[in-house]
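Chemist: this one's sequence-less:
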């Protein structure tokens, strides 16, 4: 199946109009109406969550030993990677462009990690996912899910890092440790690079493959292309 | 854990296997949340010493499986212990170069490390006795989780099961297409050239960060494609279109109530005991919030 074609197959039962049998005069309205997240979106979110969960899990298998070998800095270095764990949230918002998507994808990722991969963090990961997802999604919500420039992704990375930092202070008491300033620095650098900016890079690369043509990001691109000429 | 065992319970019947998945998940969540507020070494240690035999016996989990599954938790816990022992202010017991080991650091470090083991043990007891698909049915019924969400997670689970195989295929295909000069090319030619006697041995896959990133991106694209095919298949069967009836509903039994009562009563008793002995410490032990 080629997802690259702009055929009418996916455009008629589009997530924008779940009533599948009503024909639409304009298949791609300029301002898409807010609709709940559809099954089509949810399966995409699950696929995203699963791939990132799997890659993260594979990374952790190697990472565990390295972390112990690095002694006290192993735990600090985890902050440097924290952004990568959250990248799926801004990426999902970028693709689906509906409220709550960032939180939902993080929760699915957490369910996959906990229930199917037996993560060492345990079911607390559900709460972690909720908070990280909310942090990453906040800047997009402030633009009412309309702007997807580099600045919004930058803000998303910063906001995700901030939420994660507060969570770590509550869970592990980071604020009472000696290298707290270093931790904060690593966390924000990681949030900006590995979460915010990387999400846009991955999203744009995926868009070029054509695999996202039937989602909000693909529709927005077609509308923009049509407007340009 | 082998790749095919994702989300499948141990193939035995036990008291824990028969409990409702949503009840088990809720218990693990509640207990994890409660111990997250505890920062003394005693409370999590007592709970851990109670949890291991309880989970092993009630879930009929082989000791070897339990021990092997402990490894990732132990590493994670060890790392938490080191960082806390070395980076917390307080009375110093031991100086180690530029770092020093403090008493509160040791206590909080042990607490966090044992907490990791405790939560890990509970998670293992849950994962090793629970079928992923039954969990989603149970959540759909008892927590009013939307059917579309439950099916999306199950679709994700199906994708996950195939991921290790996909990952291997993609990496082999990419290794095959690499130029001969950089160590790629046909495995038969390559092995004849380098190791003439081991013609059947698979060639080593490229492990450079660049190669892994390329393979990861390909994995992402192919999985999204397969996911979209799945969602079209689900939609054509009318999923996500309205209310549904449930096949083989998950029923709550008196056993679920007994399990919940026993687990929560034990945690409460241990918390009360350590509190009465003056051992219980909360966030105040960190010296930042209070």
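Modeler: Done, it's in. These numbers were taken from a predicted model, which means no experiment stands behind them.
Chemist: Enumerate every residue touching the closest residue to residue B:205 other than its chain neighbours.
Modeler: Nearest residue to residue B:205, sequence neighbours excluded (CB to CB, 6 or more residues apart in numbering or on different chains): residue B:171, at 4.7 Å. All C-beta atoms are positioned from the backbone trio N, CA, C, and that covers glycine. Residues near residue B:171 by CB atoms under 8 Å, 6 or more residues apart in numbering or on different chains: B:205, B:206, B:211, B:215.
Chemist: Could you point out the longest helix of chain A?
Modeler: Scanning chain A for the helix with the most residues, using DSSP state H, yields helix A:39-69.
Chemist: how about that one: buried residues?
Modeler: A:39-57, A:60, A:63-64, A:67-68 (16 or more other CB atoms under 10 Å in any protein chain shown).
Chemist: Please see if the helix or strand where residue B:111 lies touches chain A.
Modeler: Taking DSSP states H and E as the criterion, residue B:111 maps to helix B:103-127. Yes. Using CB under 8 Å from any CB of the partner chain, helix B:103-127 reaches chain A at B:108, B:112, B:116, B:119, B:120, B:122, B:123, B:124, B:126, B:127.
Chemist: Just put those in a markdown table and tack on neighbour count.
Modeler: Shown next, in a markdown table, are the residues of helix B:103-127 next to chain A (neighbours: other CB atoms under 10 Å in any protein chain shown):
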| residue | neighbour count |
| --- | --- |
| B:108 | 28 |
| B:112 | 25 |
| B:116 | 25 |
| B:119 | 28 |
| B:120 | 25 |
| B:122 | 26 |
| B:123 | 26 |
| B:124 | 25 |
| B:126 | 26 |
| B:127 | 27 |
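Chemist: how about low-confidence regions in the stretch 101-250 of chain B?
Modeler: B:180-203, B:240-242 (pLDDT under 70).
Chemist: Return the distance of the single nearest residue of the stretch 51-200 of chain B relative to chain A relative to residue B:252.
Modeler: Going by CB to the nearest CB, chain A is nearest to residue B:156 of the stretch 51-200 of chain B, at 3.0 Å. Residue B:156 is 26 Å from residue B:252, where distance means CB to CB, to the nearest Å.
Chemist: which one of these two has more residues nearby?
Modeler: For residue B:156 versus residue B:252, neighbours defined as other CB atoms under 10 Å in any protein chain shown are more numerous around residue B:156 (29 against 14).
Chemist: Name all residues that make contact with that one.
Modeler: Going by CB under 8 Å, 6+ apart, residue B:156 touches A:43, A:46, A:47, A:49, A:50, A:108, A:112, B:227.
Chemist: A strand includes the residue of the stretch 51-200 of chain B closest to chain A, no?
Modeler: No. Assessed with DSSP: H, G, I helix; E, B strand; the rest coil, residue B:156 is helix; it does not lie in a strand.
Chemist: gap between it and residue B:48?
Modeler: Counting by CB to CB, the gap from residue B:156 to residue B:48 is 32 Å.
Chemist: What of residue B:34?
Modeler: Residue B:34 is 14 Å from residue B:48, by CB to CB.
Chemist: Next: residue A:98.
Modeler: Taking CB to CB, one finds residue A:98 at 42 Å from residue B:48.
Chemist: show me where chain B has strands.
Modeler: B:92-96, B:99-102 (DSSP state E).
Chemist: Which neighbouring elements make contact with the longest one?
Modeler: Applying 3 or more CB pairs under 8 Å, 6 or more residues apart in numbering or on different chains; DSSP states H and E, we find strand B:92-96 packed against strand B:99-102.
Chemist: Briefly note if the strand it packs on comes near chain A.
Modeler: Yes. Using CB under 8 Å from any CB, strand B:99-102 reaches chain A at residue B:99.
Chemist: again, but for stretch B:40-57
Modeler: No. Stretch B:40-57 lies out of reach of chain A by CB under 8 Å from any CB, never closer than 11.9 Å.
Chemist: What lies in contact with that stretch?
Modeler: B:16, B:31, B:35, B:38, B:61, B:63, B:66, B:107, B:110-111, B:114-115, B:117-118, B:121-122, B:124-125, B:266-267, B:270-271, B:273-274, B:277, B:279-281, B:285.
Chemist: So how do I select the buried members of these in PyMOL?
Modeler: The buried residues among the contacts of stretch B:40-57 can be selected in PyMOL (16+ other CB under 10 Å) with this line:
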select buried, chain B and resi 16+31+35+38+61+66+107+110+111+114+115+117+118+121+122+124+125+266+267+270+271+274+280+281+285
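Chemist: Tell me which helix or strand in chain A has the weakest average pLDDT.
Modeler: helix A:8-11 (a mean of 40; mean pLDDT, DSSP states H and E).
Chemist: Which parts of chain A are helices?
Modeler: Going by DSSP H, chain A shows helices at A:8-11, A:39-69, A:72-86, A:88-96, A:101-111, A:124-142, A:150-172, A:180-190, A:198-209, A:216-228.
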